[in-house]
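> Quick one: sequence and predicted model below, then my questions.
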Amino acid sequence: MAQTIIRMERITKRFPGVLANDRIDLEIEPGKIHALLGENGAGKTTLMNILSGRYRPDEGEILAGPKTVKFNSPRDALESGIGMVHQHFMLIPNQTVAENIILGLPSPRFFLHQARVEKEVENLSRTYGLSVNPQATIDELSLGQQQKVEILKLLYRNAEILILDEPTAVLTPAEIEELFTTLRNIAKEGKSVIFITHKLEEVMEIADRITILQRGRVVAHLTPGEVESRRELARLMVGREVVLKVEKKPVSPGEVVLELRDCSGFDERGHQAFHRVTFAVRRGEIFSIVGVAGNGQSELVAAIMGLGPMSSGELLVLGKPLRKGASLPRESVGYVPEDRVGTGSLPNLDLVDNLILTSYPQFCKRGFFRKDAARKAVEGLLLKFHVIAPHIHAFARQLSGGNLQKLILARELSKGPKLLIAEQPTHGLDIGATEEVWVELLKQRETAGILLVSGDLKEVLSLSDRIGVIFRGRLMDIFSTEDEDWIEEIGPLMAGVRQERKR
């Protein structure tokens, strides 16, 4: 199959109220890196879930050369040489790298030849530039290293087409360069890579072919040489001009709305997640915590929100100490969680119910819920934040990941909070939606203090007034974005490397 072109012809996939893929044609060539672009809800992940065997198309066919192939499961697709690395990794934390890589294989069936498998994994790592210790357990690895394990799993199974869904979202700038080197090595071996991303600069750097989807249809097949600039690529993707450079007006900082004093806490396994964290957020500023995922920022935010334990330290919200176990004043505090499905929404409730989850009292009068007022408010918010949904009574689970994220943002920003805590607010959003979110966050900054938690360095530098860099649960340093001399130190600090500060 190494010299066979895969073709998807007239692929159509429908979900209740949504035409996700509409007669899509896609051709994958061996030895090429193929970027797949599109707005949220454009159908990219659905199309790749069909190619990798997770979904079956309602219409159309997949051809390997002249032969039609049908996949009833990801195992079927993998046996035909097609595998996918999802955004959320599928690894067993307490098993080793080698054990995870061979998990599910028919051989060895009864006896594990540990040394032989580890040697094979080591050789494979060296061939493709994936430096991972085969004897390490998964919970000892960073998310960037775990991603390498997922790629090795596919290579060990002789995959010829590797699909990567938003692969750079959990990586430092240095790890992104390592990944790109690996992908080029994979392509040199004659294998194909399909790269789903929203980051246009990555597309221009890594892609040999580009396919752009809009609302379930292909609008362009291109090569980077046919695109004059990232701006043109963005226009093709969203149908309008996108600059992704927002104006940040000067705002005089006001009172402190959130303060942490020597706060420490543990994760669910009892390991130290964050240690002696101290910072303050004022009204009129965006204070960002930047770091690679898995360095304690999620546990820190959970502790601030009362969703996780804080073992020591003092937390003040809107100037008042918060007692242990007490909940935040939700009418004054907005929260956009990283987990938009499990924490941020109720998948089996409709959009109206999801949008009033944290603002229910404003739709009540004399003890009665004003349903018509809630519906009208929801319709307005869907239009304002460009949430694509079949109708206001669709279930939250029917929305694409990006549109669900916009729904949660609409809900929290519409309250006009004094403090907004936003975790990865543009993760999974296309470039047009990202620009809209940035504008809304800067508007909110005029009347509120914002704690922004993000792994996107460009986002943090574009929006922040001050930046705290977190590594293994400790704030390595805090920077003011007015001093550009310090910006180059942030990337190394995200990887735990402290450089001598320039004066």
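Perfect, I can see it now. Numbering: from 1, shown residues only.
> wait, doesn't Gly254 sit right on Leu318?
No - applying Cβ atoms under 8 Å, one finds Gly254 not in contact with Leu318, separated by 11.7 Å. Any C-beta I mention is one placed from the backbone N, CA and C, and that applies to glycine too.
> Of those two, which one has the most company?
Leu318 (18 against 14; other Cβ atoms under 10 Å).
> what's that one in contact with, if anything?
With contact taken as Cβ atoms under 8 Å, 6 or more residues apart in numbering, Leu318 is in contact with Val257, Leu258, Pro329, Ser332, Lys418, Leu419.
> burial of Arg472, as a residue count?
15.
> Let me know the pLDDT of the nearest residue to it once chain neighbours are set aside.
Closest residue to Arg472 apart from its sequence neighbours, by Cβ to Cβ, 6 or more residues apart in numbering: Asn295 at 5.7 Å. We have a pLDDT of 87 for Asn295.
> again, but for the one 3 residues further on
Among the per-residue scores, Ser298 holds a pLDDT of 89.
> Which strands or helices does the host helix or strand of it pack on?
Using DSSP states H and E, Ser298 maps to helix 297-304. Of the remaining helices and strands, those touching helix 297-304 by 3 or more Cβ pairs under 8 Å, 6 or more residues apart in numbering; DSSP states H and E are strand 256-266, strand 272-282, strand 419-423, strand 449-454.
> buried set for the helix or strand following that helix?
Once the chain leaves helix 297-304, the next helix or strand it forms, by DSSP H and E, is strand 312-317. By neighbour count on 16 or more other Cβ atoms under 10 Å, the buried set for strand 312-317 is Gly313, Leu315, Val317.
> Could you export those as a markdown table, including distance to Gly65?
Below are the buried residues of strand 312-317 laid out as a markdown table (distance: Cβ to Cβ, whole Å):
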| residue | distance to Gly65 |
| --- | --- |
| Gly313 | 62 |
| Leu315 | 62 |
| Val317 | 62 |
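> Rebuild these as a markdown table, extending it with distance to Leu162 and pLDDT.
A markdown table is the format used below for these (distance: Cβ to Cβ, whole Å; pLDDT from 0 to 100):
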| residue | distance to Leu162 | pLDDT |
| --- | --- | --- |
| Gly313 | 44 | 91 |
| Leu315 | 44 | 92 |
| Val317 | 46 | 91 |
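> Go through the residues you listed and name the one nearest Lys384.
Closest approach to Lys384 among those (Cβ to Cβ): Val317, at 27.8 Å.
> Could you look up the SS state of Gln145?
Under DSSP: H, G, I helix; E, B strand; the rest coil, Gln145 falls in the helix class.
> State the mean pLDDT of stretch 207-214.
Averaged across stretch 207-214, pLDDT comes to 92.
> I'd like the distance from that stretch to the chain centre, please.
Its chain's C-alpha centre and that of stretch 207-214 lie 20 Å apart, by Cα atoms, centre = their mean, to the nearest Å.
> Run through who's touching it.
By Cβ under 8 Å, 6+ apart, stretch 207-214 touches 24, 26, 29, 32-39, 42-44, 47, 187, 195, 203, 218-224, 227, 233, 236-237, 239.
> among those residues, which are in strands?
In strands, defined here by DSSP state E, the members of these are 24, 26, 33-38, 195, 218-222.
> residues touching the residue most central in space within the chain, list them.
Centroid-nearest residue in the chain, with Cα atoms, centre = their mean: His427, separated by 4.0 Å. His427 makes contact with Ala169, Glu338, Gln405, Asp456, according to Cβ under 8 Å, 6+ apart.
> Number of residues surrounding the nearest residue to the second one once chain neighbours are set aside?
Yep, that's Glu338 we're talking about. Spatial nearest neighbour of Glu338, chain neighbours left out: Glu423 (3.9 Å); criterion: Cβ to Cβ, 6+ apart. Number of residues near Glu423 (other Cβ under 10 Å) recorded here: 24.
> Isn't Glu423 up against Gly455?
No - in this structure, Glu423 is not within contact of Gly455 by Cβ under 8 Å, at 10.0 Å.
> wait, Ile163 sits on Ile194?
Yes - counting by Cβ under 8 Å, Ile163 touches Ile194, with 4.5 Å between them.
> And for this structure, the residue most distant from the center?
Arg366 (42.0 Å).
> For the stretch 301-450 of the chain, which segments are assigned as helices?
Using DSSP state H, counting those that start in this stretch, the helices assigned to the stretch 301-450 of the chain run over residues 351-355, 371-384, 401-413, 431-445.
> Out of those helices, which gets nearest to Arg116?
Judging these by Cβ to Cβ, what sits closest to Arg116 is helix 401-413, at 40.2 Å.
> tell me the mean pLDDT over that closest one?
85.
> what's the angle between that helix and strand 33-38?
For helix 401-413 against strand 33-38, the angle by axes from the mean of the first three to the mean of the last three Cα atoms, to 10 degrees is 40 degrees.
> Pick out the lowest-pLDDT one from the contacts of Leu318.
Among the contacts of Leu318, Pro329 carries the weakest pLDDT, at 78.
> wouldn't that one be in contact with Leu322 here?
No - Pro329 lies out of contact with Leu322 (Cβ under 8 Å); the separation is 9.5 Å.
> Which one's more surrounded, the two?
Using other Cβ under 10 Å as the criterion, Pro329 and Leu322 rank with Leu322 on top: 18 against 14.
> ok, the more buried one - contacts?
Here Leu322 is in contact with Gly306, Leu315, Leu316, Leu328 (Cβ under 8 Å, 6+ apart).
> Against Leu316, how distant is Ala280?
Distance of Ala280 to Leu316, given as Cβ to Cβ, to the nearest Å: 9 Å.
> tell me, what's touching the two both at once?
By Cβ under 8 Å, 6+ apart, the residues touching both Ala280 and Leu316 are Val256, Leu258, Glu259, Leu260.
> May I ask which of these has the most neighbours?
Leu258 (26 neighbours).
> quick revisit: to Asn133, which of the helices and strands packed on helix 297-304 lies closest?
That would be strand 272-282 among the helices and strands packed on helix 297-304, by Cβ to Cβ, at 22.7 Å.
> next one: that closest one to chain centre, how far?
23 Å.
> Kindly report the same for stretch 54-67.
With Cα atoms, centre = their mean, you get 28 Å for stretch 54-67.
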